[in-house]
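>>> Return a 3D structure for these sequence lines:
(chains A and B)
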Number of protein chains: 2
Amino acid sequence: MAVPDCEVMIIGAGLSGLQAARRLADRHDVVVLEARERVGGRAFAHRFANGDTVDLGGQWVGPGQRRLVGLIEELGATTYPLWNEGEHLVAAGGRLKRYTGTIPSLPVHVLLDLNRMLSKFEKMAAEIDVAEPWAHARAKEWDRRTVADFMDKTGFTAAAKQMFAIGIGAVFCAEPHELSLLHALFYAKAGGSLDALLSVEDGAQQDRVHGDMAGLAEAMTGELGDRVRLGAPARVIRWSGDGVRVETDDGAYTAKRLVLALPPNQALGIRFDPALPSSRDALWRRMPAGACIKCVAQYERPFWRDEGLSGQAVGGAGPVHVAFDNSEAGREAGLLLGFIEGDQARVWSNRDPDDRRAAVLDSFAVFFGDQAREPIDYADRDWTAEEFTRGCYAAFMGPGVWTTLGPELRQPMGPIHVAGTETAREGYGYFEGALEAAERAAREVKAALATS
Amino acid sequence: MAVPDCEVMIIGAGLSGLQAARRLADRHDVVVLEARERVGGRAFAHRFANGDTVDLGGQWVGPGQRRLVGLIEELGATTYPLWNEGEHLVAAGGRLKRYTGTIPSLPVHVLLDLNRMLSKFEKMAAEIDVAEPWAHARAKEWDRRTVADFMDKTGFTAAAKQMFAIGIGAVFCAEPHELSLLHALFYAKAGGSLDALLSVEDGAQQDRVHGDMAGLAEAMTGELGDRVRLGAPARVIRWSGDGVRVETDDGAYTAKRLVLALPPNQALGIRFDPALPSSRDALWRRMPAGACIKCVAQYERPFWRDEGLSGQAVGGAGPVHVAFDNSEAGREAGLLLGFIEGDQARVWSNRDPDDRRAAVLDSFAVFFGDQAREPIDYADRDWTAEEFTRGCYAAFMGPGVWTTLGPELRQPMGPIHVAGTETAREGYGYFEGALEAAERAAREVKAALATS
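Take a look at the predicted model:
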């Protein structure tokens, strides 16, 4: 095929790549290459047999996420609050208890212990400069430690540590011992606070988009028209000071500037010629993604509400440690949402889909009774198995990465700029971060093109 | 080009791939594909201006490495002991002291502390089953911790911890906080003991090969003849129960069985169709390689011996924390060898080569005097910058990997078998492990072909 030329090539049609394209398309000739036959990246909607859709990728928007809130308004989409009425459940020590608010009802000494852990974490997180986490006076010390080490040194009771670990699992889809403490502190600060990341009301789980979040990506694609090319995985990127040449399965494209709007593990799947500088290669190789399977069961109606339950639950022995009422406002069906995270996601990733479904429904039944075993429909998505994602919600850093290779994270390499939520200062790991990074990369590209 | 067919395709012409080919070539039709224009993988020899060669990759053979010792004999190569006469030097707290043996001369309370750390580590390592490190009763606990955590909890004095960290750096080319304690224990056991890995006499640094270690790979390639194809990087592996089809830059090859004799990070650079199972993908993404720059300065003669010095030195503030007299027996020139490891390797990887040379010579001068600043020749090799290696000596596992994904490490996937030192039970990280893994993979392939 002929070789098309464009000013800016963007690789990845997730929210970050699409937003970068929108910010550039008014003045510049832009092409977005997407490996899959769909847009949206980590936003993906499933259609149940009855026609309802549900997000099996990212789905929430919180009040602090001003770019995402703005995008939703701009595209004419509307939101509704996640169902948050009634009492929540916590399963611990073989018992099921009801509570309200963000923190489960636990014995007073456990609550005090958990509160102290959270307070200390929040205080440390508040000190981080999200632009330069490595610049904090204690950065080396905190980066040398894992979150598990923080828990061991700060917490006294096993129950408080377990709750803290569940919170970490829910936020990172990774185990506390996998995570650099500095990374976790940065991540919390980048999202406002750990409390904001864990909360429904006033937090990162407050609202949802009518229809589905994946619809935003489709609306953005609608604006961009044939600038977006699906089924075009980038295989080779040849680069020099003059620009890039991107080779895909059915043709090559040249551009003056390139934006990589991909998770680091996906960027590593592309061959660079000349090869990547050692520091960038080493950084990306040290940023594996969390592991997550998102599971949704559809029922005739949200039966748990009859019992005064919110559908929110935490703890338990099953694969699902965190559950939500995911029913869409205005629809009859009731949806229970469960996450299988971290080590549990690795265990269940390779299991038979029917066994997984049964185990998830068992988990729901522990919280909400036997009725939970009889959904009218069920769907789950294992993001570690997706060839062009390989994990959720985001890439994380183990001990020692931020303070040695962190300064590389957002640096352009010649004509190549980096976007994607993993390069965000604000909202790292969230769609908010995807947008923040896109806007920063688009500014870089504009400035570079203006002076060239 | 035409499509050649063979029974067994091996990817990677390092010592592991070549040994697998040798074990199979008598009965089977074998092809070895190598991405580079040279064989040897992490064995590589540099030729100085005066014609002498020196290994800038792996170079040592120890008495416990029976497969490597056997290969050297089989190929008619000969060895000589590393120069180990005279006194060693340790730089600590701004002072330079002489010592003999493996453990530097330090104040008695520091020595006792260091000895206790080493003893405890050795005792734990001795308990590991190298075939199944995850099966130890305390595996989860040890895998949750880093080596830094072990040091913090076991050591009392900063000086002992510093020496322990230098030992870890010398063995792993990684920082203590990057390493799972379980991985370090496994690694020590797989190499005999930590003491064996750190020692010259009776240890992993005892002997060298006359000429160079890279010569072994060339001799193996000589035996294999045109079965070895250079400059043929595998880009795509299409696989099914029936066999594999490997696509390279200039043609495709089909085979019944495939052996991947590559470090995990290089295997990730190949596209698999169908895509890798999530657990294999997750494992390989969690196995980054250590960082190492090997530096050798060549002098008219080994002048340090005049002062009664062995050329072995440890500690100091410069980029080189570990040095050896690397002179080849029977040659006039004196060679000083220094390793830049872990975080220091990352710092110096992107610096100007002349600056790096000057800093390395400064490090040598701290130990051996100003004469060290005037070599007749100098060479170094940054293994993190090599596109088809990306780190040395070997891939390591951070916290939590062995006990969740470890059982995947050596498992075949359909017709695909795995070799390379990172899949070894004995000698993991060493050429010994490359050979052990090769022989295990060759046995698997033979058994599979016998029953097909």
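>>> Would you map the helices across the stretch 301-450 of chain A?
With DSSP state H, counting those that start in this stretch applied, the stretch 301-450 of chain A shows helices at A:342-349, A:353-368, A:402-405, A:431-451, listed in chain order.
>>> Quick check: A:Ala25 touching A:Gly225?
No. Here A:Ala25 does not reach A:Gly225: they are 9.3 Å apart, not a contact under C-beta atoms under 8 Å. All C-beta spots, glycine's among them, are computed from the backbone N, C-alpha and C.
>>> The two: which is more packed in?
Neighbour totals were compared for A:Ala25 and A:Gly225, and A:Ala25 leads with 18 against 8 (other C-beta atoms under 10 Å in any protein chain shown).
>>> need the contact list for the more buried one.
Shown here is A:Ala25, whose contacts under the criterion C-beta atoms under 8 Å, 6 or more residues apart in numbering or on different chains are A:223-224, A:227.
>>> Filter the residues you listed down to the buried ones.
For these, burial is judged from neighbour counts taken by 16 or more other C-beta atoms under 10 Å in any protein chain shown, and it is met by A:224, A:227.
>>> Select from the contacts of A:Ala25 every entry located in helices.
A:223-224 (DSSP state H).
>>> Can you say which of the contacts of A:Ala25 are also within reach of chain B?
Of the residues in the contacts of A:Ala25, proximity to chain B by C-beta under 8 Å from any C-beta of the partner chain holds for none.
>>> how far away is A:Met213 from chain B?
In this structure, A:Met213 lies at 23 Å from chain B, with C-beta to the nearest C-beta, to the nearest Å as the measure.
>>> Report whether the expected contact of that residue with A:Leu56 is present.
No. Under the criterion of C-beta under 8 Å, A:Met213 is not in contact with A:Leu56, lying 10.1 Å apart.
>>> any common contacting residues for the two?
Any residue near both A:Met213 and A:Leu56 by C-beta under 8 Å, 6+ apart counts here, and that gives A:Ala45.
>>> residues in the stretch 101-250 of chain A within reach of chain B, list them.
Taking C-beta under 8 Å from any C-beta as the contact definition, the stretch 101-250 of chain A meets chain B at A:143-146, A:148-149, A:175, A:177-178, A:235.
>>> run the last query once more with 6 Å
Residues of the stretch 101-250 of chain A lying near chain B by C-beta under 6 Å from any C-beta of the partner chain: A:144, A:148, A:175, A:177-178.
>>> Same list, the helices of the stretch 301-450 of chain A, but as JSON lines with mean neighbour count please.
Listed next are the helices of the stretch 301-450 of chain A as JSON lines, based on neighbours: other C-beta atoms under 10 Å in any protein chain shown:
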{"stretch": "helix A:342-349", "mean neighbour count": "22"}
{"stretch": "helix A:353-368", "mean neighbour count": "19"}
{"stretch": "helix A:402-405", "mean neighbour count": "24"}
{"stretch": "helix A:431-451", "mean neighbour count": "22"}
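>>> so how far is A:Ala217 from the most centrally placed residue in chain A?
Nearest to the mean C-alpha position of chain A, by C-alpha atoms, centre = their mean, lies A:Tyr393 at 3.0 Å. From A:Tyr393 over to A:Ala217 the distance is 16 Å, taken as C-beta to C-beta, to the nearest Å.
>>> Grab the nearest non-local neighbour of the closest residue to chain B within the stretch 1-150 of chain A.
Evaluated by C-beta to the nearest C-beta, the stretch 1-150 of chain A has A:Arg144 as its residue closest to chain B, separated by 4.3 Å. Here the nearest residue to A:Arg144 in space, its sequence neighbours aside, is B:His177; by C-beta to C-beta, 6 or more residues apart in numbering or on different chains that works out to 4.3 Å.
>>> you'd agree the one you found is up against A:Pro399?
Yes. Under the contact definition of C-beta atoms under 6 Å, B:His177 touches A:Pro399, with a separation of 4.4 Å.
>>> of these two, who's got more company?
When neighbours are counted by other C-beta under 10 Å, A:Pro399 comes out ahead of the other of B:His177 and A:Pro399, with 31 against 24.
>>> what sits against the more buried one?
A:144, A:146, A:180, B:177 (C-beta atoms under 6 Å, 6 or more residues apart in numbering or on different chains).
>>> helix/strand/coil for the closest residue to the second one other than its chain neighbours?
With C-beta to C-beta, 6+ apart as the criterion, A:Thr146 has its nearest non-adjacent residue at 5.0 Å, and that residue is A:His177. Look at A:His177: counting by DSSP: H, G, I helix; E, B strand; the rest coil, its state is helix.
>>> Correct me if wrong: A:His177 contacts A:Phe150.
No. Here A:His177 lies out of contact with A:Phe150, judged by C-beta under 6 Å, at a distance of 10.5 Å.
>>> isn't A:Ala323 right next to A:Gly315, touching?
No. Because the distance of 9.9 Å does not satisfy C-beta under 6 Å, A:Ala323 is recorded as not touching A:Gly315.
>>> Could you identify the longest strand within chain A?
Using DSSP state E to assign secondary structure, the strand with the most residues in chain A is strand A:251-260.
>>> Could you list the residues in contact with that strand?
Contacts to strand A:251-260, defined as C-beta under 6 Å, 6+ apart, come from residues A:1, A:3-11, A:20, A:243-246, A:267, A:415-419, A:441, A:445, A:448.
>>> Among those, name the buried ones.
Burial by neighbour count, judged by 16+ other C-beta under 10 Å, picks out A:6-11, A:20, A:243-246, A:267, A:415-419, A:441, A:445 from the contacts of strand A:251-260.
>>> out of A:Ala323 and A:Gly315, which sits in the more crowded spot?
When A:Ala323 is set against A:Gly315 and neighbours are counted by other C-beta under 10 Å, the residue ahead is A:Ala323, at 30 against 24.
>>> Quick check, pLDDT for that one.
With respect to pLDDT, A:Ala323 has a value of 97.
>>> dump the residue contacts of A:Val244.
A:237, A:255, A:258, A:415.
>>> Out of those, grab the one that's most surrounded.
Ranked by the number of neighbours (other C-beta under 10 Å), those place A:Leu258 first, at 27 neighbours.
>>> So A:Gly318 sits against A:Ala365, correct?
No. Counting by C-beta under 6 Å, A:Ala365 is not a contact partner of A:Gly318; they are 8.8 Å apart.
>>> Look up how far A:Arg390 lies from A:Met287.
Using C-beta to C-beta, one gets 11 Å for the distance from A:Met287 to A:Arg390.
>>> Check A:Gly58 too.
For A:Gly58, the distance to A:Arg390 under the criterion C-beta to C-beta works out to 16 Å.
>>> A:Ala275 too?
Here A:Ala275 is placed at a distance of 21 Å from A:Arg390 (C-beta to C-beta).
>>> returning to what we had before: let me know which of the helices of the stretch 301-450 of chain A is the nearest to chain B.
With C-beta to the nearest C-beta, the closest approach to chain B among those belongs to helix A:342-349: 4.5 Å.
>>> I appreciate the help and will end here.
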